[in-house]
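S.K.: build me a model from this:
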Amino acid sequence: MKIITEIPSDIFQNSAVTVGFFDGVHKGHVALLSRLKREATLRHLQSVVVTFRAHPRETLQTSYIPQLLNTQAERLCLLEKQAVDICAMLPFTKKFAQLTSTEFIKEILFEALHTKYLLVGYDHHFGSDAQKNSFETYKSYGNTLGIEVEEEGAYWENNVCISSSLIRREILQGNITAVSDYLGYNYFLKGTVVKGFQIGRTIGFPTANLKISDTHLLIPMDGVYAVFVEIKGKKYKGMANIGSRPTFNESNEKTIEVHILDFDQNIYEQQIKVYFIAFLRKEVKFVSKEALSIQLSSDQEKVRKILDN
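M.R.: Below is the predicted model:
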């Protein structure tokens, strides 16, 4: 997949195009991109995904703080797995945001990308006048330019309409198994291991304290999770705690602590990747370190059973 960051570009020939932010690159996105590739092949066109470096609402609403499923780099990596020909990762500037839907279709899709086929997601709207327009608006105007415009319907699985919004809600409710089903992969967070309070090691459960690489990423609901931890390309079993550590009351600041099973190495300042597999329980305040240790031993046994399956 070729990646471009500005247009016009001389690499565009006649194209089949779809446009979106593609946060999470979930099963619904994969279905849309698969159709795009099929339609491009049938028409002898190159397949092109147009997406944006930052969420468009960050430009449209300066107070908006997104809660994203992936970083920009992760999103690109996931898109690359879909084997489209070109990904146009564009800046969503104030000037860009002022384009009406017809200006976007004419200036960007028609003139710059040489679009002959446009596939529109069922819930996607574009242009500064997006609220006034519909799929029929895009189809009608596209046809005047010789662009064939089609719509991809919602993606349903087991009577559930899969969307990025749904996945975010499930993450915030700790429904990690459902999240994995909807994404088509395990939800993950990447970050750097930093020094914490180092209390875990005093009760036999040392933890890696994770500083997330991007503050816009969505953190799952507070609680204890079965996880896999990737360190330098190798995966280990682990259990993660997300929350404010109420047993010790040092701080109300939310932390992500990961106890890596059968592991005894110094990984401070190293990058690790934590894959969330299952939710075990909510975070609880214990009456003593001993009570916490007993519960962690029980959690660890559950984690082994889950991750061994």
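
S.K.: just give the closest residue to Ala130, not the sequence neighbours.
M.R.: Closest residue to Ala130 apart from its sequence neighbours, by CB to CB, 6 or more residues apart in numbering: Ser101 at 6.4 Å. Using the backbone N, CA and C atoms, a C-beta is placed for each residue, glycine as well.

S.K.: ok, now how distant is the one you found from Glu290?
M.R.: With distances taken as CB to CB, to the nearest Å, Ser101 is found 64 Å from Glu290.

S.K.: who has more neighbours, these two?
M.R.: Ser101 (19 against 10; other CB atoms under 10 Å).

S.K.: what's in contact with stretch 207-218?
M.R.: Stretch 207-218 has contacts (CB atoms under 8 Å, 6 or more residues apart in numbering) with 65-71, 168, 171-172, 189-196, 200-201, 219, 229, 241, 255-260, 267, 271-272, 274.

S.K.: in that stretch, what counts as buried?
M.R.: For stretch 207-218, the neighbour count (16 or more other CB atoms under 10 Å) marks 207-210, 217-218 as buried.

S.K.: just how off-centre is that stretch within its chain?
M.R.: For stretch 207-218, the separation from the chain centroid amounts to 14 Å (computed by CA atoms, centre = their mean, to the nearest Å).

S.K.: pLDDT on it, on average?
M.R.: The average pLDDT within stretch 207-218 is 92.

S.K.: list the contacts of the worst-scoring helix or strand of the chain on mean pLDDT.
M.R.: Ranking every helix and strand in the chain by mean pLDDT, DSSP states H and E puts helix 56-60 at the bottom, with a mean of 84. With CB under 8 Å, 6+ apart as the test, helix 56-60 has contacts from 21, 64, 66, 92-94, 96-97.

S.K.: which pLDDT value goes with Gly200?
M.R.: 68.

S.K.: sorry, wrong one. I was asking about Thr115.
M.R.: With respect to pLDDT, Thr115 scores 97.

S.K.: ok, the closest residue to it other than its chain neighbours to Asn309 distance?
M.R.: Distances taken as CB to CB, 6+ apart place Leu109 nearest to Thr115, at 4.2 Å, with adjacent residues excluded. Taking CB to CB as the measure, Leu109 falls 47 Å from Asn309.

S.K.: quick one, which of the two is more surrounded?
M.R.: Taking other CB under 10 Å, Leu109 and Asn309 do not tie; Leu109 has more neighbours (24 against 7).

S.K.: that one contacts Tyr117, doesn't it?
M.R.: No: using CB atoms under 8 Å, Leu109 makes no contact with Tyr117, being 10.2 Å away.

S.K.: what's the overlap in contacts for those two?
M.R.: With CB under 8 Å, 6+ apart as the test, Leu109 and Tyr117 both reach 17, 147.
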